[in-house]
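Undergrad: take this sequence and fold it.
(one chain, ligands or ions: 1)
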Amino acid sequence: MERPTKEQLATIEEIVNHHAGTKGAAIPILQDIQEKLGYVSPAFLKHASDLTRIPASDLYSIVTFYAQFRTEPLGENHLQICHGTACHLAGAEKITDALEHETKTKCGCTSEDGKYTLEKVACIGCCSLAPVINLNGEIHGRLTPEQISKIIENANKGVDGDGN
Ligand code: FES
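TA: As a prediction, the model looks like this:
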């Protein structure tokens, strides 16, 4: 299990203190941990459990049940693939396959080199552009699987910062 830093432990402690005495605080505590630290790792969860005396197994069940929680840090590039109805009908599955192929990772995971995190999301409100992805906050719409390699190539250039 990864060892949290002192700062991360202090952040978790602050969050737990903030919710002290509140009934049903498990989900808000986990949401705050994710908001402040970016994810909820098993080690973060263990620390929250020690402080709150909520069994770690209960916290773990929440984190694995709700899709909003991430157990690993985001990759350098965050890719959200819309699977709302319009995007689904317009070929989101094919876009997903192409993205998984180009980034060498699976939806819901971060690539081994830490460059990409892929996530399936519900409608992101740009249905007229379906199928749509959100790459680091930038919307790409009316996509075809053939366009994906270029998008990832450009993202890699951004990551490398050398423009090649
Ligand atoms: S369904 Fe994809 S943006 Fe609405």
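
Undergrad: quick check: phi and psi on Ile133?
TA: In terms of degrees, to the nearest 10, the main-chain angles of Ile133 are phi -130, psi 160.

Undergrad: over to the nearest residue to Gly75 once chain neighbours are set aside. Which of the three states is it?
TA: Using CB to CB, 6 or more residues apart in numbering and skipping residues adjacent in sequence, the residue nearest Gly75 is Thr117, 4.0 Å away. In short, each C-beta sits where N, CA and C put it, glycine included. Following DSSP: H, G, I helix; E, B strand; the rest coil, Thr117 is assigned to strand.

Undergrad: Ala26: how many residues sit nearby?
TA: 20 (other CB atoms under 10 Å).

Undergrad: the one 3 residues further on now?
TA: Using other CB under 10 Å as the criterion, Ile29 is surrounded by 23 other residues.

Undergrad: what is the helix or strand encompassing it packed up against?
TA: Element membership for Ile29 (DSSP states H and E) is helix 26-37. Counting contacts by 3 or more CB pairs under 8 Å, 6 or more residues apart in numbering; DSSP states H and E, helix 26-37 packs against helix 6-18, helix 42-52, helix 56-65.
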